[in-house]
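Student: Take a look and give me a structure for this.
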Amino acid sequence: MTAVDEVLTVEEAAVRMKMSVRYVRRLVAQRRIAFHKVGRSVRLKVSDVDAHVDAGRVEPLTASGVWRGLGQVA
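Tutor: Alright, predicted model coming up:
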């Protein structure tokens, strides 16, 4: 099994994301993250957890971007 194919429990995914178990369970319940059902258990692929974190990436603002955005507000 390679690192890409590795599966995590909800608790392990929470540790990897540095979030609470409750948050990860909410993501699963709201189907905001891909998961797999194995019997009654929920498992998440490492690649899916990483993709969810990457999808929330916000690029930093630049000085020129701030000034450009101010002209659109008025």
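
Student: ok, residues contacting the helix or strand encompassing Asp48?
Tutor: Under the criterion of DSSP states H and E, Asp48 resides in helix 46-55. Helix 46-55 is contacted from outside by 3-4, 6-8, 13, 16-17, 27, 32-35, using CB atoms under 8 Å, 6 or more residues apart in numbering. Using the backbone N, CA and C atoms, a C-beta is placed for each residue, glycine as well.

Student: what kind of secondary structure is Glu11 in?
Tutor: helix (DSSP: H, G, I helix; E, B strand; the rest coil).

Student: just checking, it touches Val21?
Tutor: Yes. In this structure, Glu11 is within contact of Val21 by CB atoms under 8 Å, at 5.6 Å.

Student: More neighbours: these two, which one.
Tutor: Val21 (14 against 11; other CB atoms under 10 Å).

Student: Now for the contacts of helix 46-55: which two are most distant?
Tutor: Ala3 and Arg32 (23.4 Å; CB to CB).
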